[in-house]
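Undergrad: Got a predicted structure plus its sequence, pasted below:
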Amino acid sequence: MIPPLDAVLLVLVVASAAAALEGRDPLAALILFGVFSFQCAAFYALEGAPDVSFTEAALGATMATVFFVAAIHGTTPMLGPRHPPKGGRFSLAVLLAAGAALGLAARGLPVTGDPEAPAAAHVSPRYIERGAEETGARNLVTGVVVDYRGYDTLGEAFVLLTAGLACLLIIPAAWLGRREDAS
Amino acid sequence: MRLRFGSAILDTGARVLIPFILIFGLYVLFHGHDSPGGGFQAGVILATAWILLRLVRGNDPGWGPEARGALVMAISGVAIYAGTGFGALAFGGAFLDYAAFPLPLPPAGTRAAATFVVESGVGLAVAGVMLIIYEALIAPES
């Protein structure tokens, strides 16, 4: 059974996501999106993943909101009357069917924290038993991310740098192009 | 949607908050070995402090790197990480084998020290990239 605090938080997450989608003012939708992110962070913390929660709060909730506000600040929002999309009924039926299938499949997932689960039986026991003495890191997440999985993290750092460079190369050129259009 | 910068309340608020944000970011970086956090989160928090200042003070923040400096930060962060990997190679270990460094420490201590260097690199790279993206996103004054 879902613990009551988790259930309340999950309802709030869904409610803020729905409110963010329904809002007509981009800035209000953004604030609700930030609320959604903070609730997700609280949920991760509750589920015993403080590192993920930390990242979500710092990056997903704070930084992403600032980036979106900066983007909105420099653009003109295009708000027209909202038309219901064509084929909405069909999409809804497909979504409901997919949701039902996923819900049924979720019943076959192992219980959270089950040590017999396939995901926990492969390399995890070694990491958990030997991690502290092998990597010298008492926070197992740091030991795994930087030491055991150092290659992956290096790759991530390069992906991040590439993303930043792409932003720096593409977006200012777009500003420049818009200014030339205006003049 | 252009508003004037520099209200006294915002200025004072930022002045109070930013030192604490910076110290918290450094704490997260230095303590990532023993508690939740690490280079990635520390980098985001440090970037937050500077972006807060940019939000409050506009184009005249008075402190922090320019876009070019942020680019140098990001690239040197990734270079520190990759350089640690190649350094291990130079000392006869495998790529990113932190235990290869000849430090007067037990193997786990050597790994922890190298991990901290790598975490600092990650933090520098993340902070730099955050600043780059923010700088790219704000529209130039026309």
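TA: It's in. Residues are numbered from 1 along each chain as shown, chains lettered A, B, ... in the order given.
Undergrad: switch to C-alpha atoms for all contacts and neighbour counts from now on
TA: OK.
Undergrad: how about the residues of chain A near chain B?
TA: A:50-51, A:54-55, A:58-59, A:63, A:67, A:70-71, A:73-74, A:133-139, A:141-143, A:146-147, A:150-151, A:154, A:157-158, A:160-161, A:164-165, A:167-168, A:171-172, A:175, A:179 (CA under 8 Å from any CA of the partner chain).
Undergrad: Show me which of those are buried.
TA: Taking 16 or more other CA atoms under 10 Å in any protein chain shown as the criterion, what is buried in the residues of chain A next to chain B is A:50-51, A:54-55, A:58-59, A:63, A:67, A:70-71, A:73-74, A:134-139, A:141-143, A:146-147, A:150-151, A:154, A:157-158, A:160-161, A:164-165, A:167-168, A:171-172, A:175.
Undergrad: Of the residues you listed, which belong to helices?
TA: A:50-51, A:54-55, A:67, A:70-71, A:73, A:134-135, A:141-142, A:150-151, A:154, A:157-158, A:160-161, A:164-165, A:167-168, A:171-172, A:175 (DSSP state H).
Undergrad: Quick one: mean pLDDT for stretch B:28-38?
TA: Averaged across stretch B:28-38, the pLDDT comes to 85.
Undergrad: Is chain A within reach of that stretch?
TA: Yes - using CA under 8 Å from any CA, stretch B:28-38 comes into contact with chain A via B:32-38.
Undergrad: Name the member of those with the most neighbours.
TA: Within the residues of stretch B:28-38 next to chain A, most neighbours by other CA atoms under 10 Å in any protein chain shown means B:Gly38, with 31 neighbours.
Undergrad: Look at residue 93 and say how many residues are nearby.
TA: Since you didn't name a chain, this refers to chain A. 11.
Undergrad: actually chain B
TA: There are 16 residues near B:Gly93, going by other CA under 10 Å.
Undergrad: Where does it sit: helix, strand or coil?
TA: Three-state assignment for B:Gly93 (DSSP: H, G, I helix; E, B strand; the rest coil): coil.
Undergrad: Do I have it right that it meets B:Ala100?
TA: Yes - B:Gly93 is within contact range of B:Ala100, at 5.0 Å (criterion: CA atoms under 8 Å).
Undergrad: residues contacting B:Ala108?
TA: Taking CA atoms under 8 Å, 6 or more residues apart in numbering or on different chains, we find B:Ala108 in contact with A:133-136, B:99.
Undergrad: how about a cut-off of 10 Å?
TA: A:131-137, B:98-99, B:114 (CA atoms under 10 Å, 6 or more residues apart in numbering or on different chains).
Undergrad: possible to save those residues as a markdown table with distance to A:Val94?
TA: Below are the contacts of B:Ala108 laid out as a markdown table (distance: CA to CA, whole Å):
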| residue | distance to A:Val94 |
| --- | --- |
| A:Gly131 | 45 |
| A:Ala132 | 47 |
| A:Glu133 | 50 |
| A:Glu134 | 49 |
| A:Thr135 | 48 |
| A:Gly136 | 50 |
| A:Ala137 | 47 |
| B:Tyr98 | 50 |
| B:Ala99 | 53 |
| B:Ala114 | 51 |
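Undergrad: which of those residues lies closest to A:Ala20?
TA: Here the nearest of the contacts of B:Ala108 to A:Ala20, counting by CA to CA, is A:Ala137; it sits at 39.9 Å.
Undergrad: roughly how far apart are that closest one and A:Gly150?
TA: Distance of A:Ala137 to A:Gly150, given as CA to CA, to the nearest Å: 14 Å.
Undergrad: Also A:Glu22?
TA: Here A:Glu22 is placed at a distance of 42 Å from A:Gly150 (CA to CA).
Undergrad: same deal with B:Gly123?
TA: Counting by CA to CA, the gap from B:Gly123 to A:Gly150 is 15 Å.
Undergrad: What does residue 136 show for phi and psi?
TA: You didn't say which chain, so I picked chain A. When read as degrees, to the nearest 10, the backbone of A:Gly136 gives phi 70, psi 10.
Undergrad: swap in A:Thr65?
TA: Here is the backbone geometry of A:Thr65 (degrees, to the nearest 10): phi -60, psi -40.
Undergrad: Just the terminal-to-terminal distance for stretch A:55-63.
TA: Using CA to CA, the two ends of stretch A:55-63 sit 10 Å apart.
Undergrad: List the neighbours of that stretch that are in contact with it.
TA: A:30-31, A:33-42, A:44, A:50-54, A:64-66, A:69, B:36-38, B:40-45, B:47-48, B:51, B:130, B:134.
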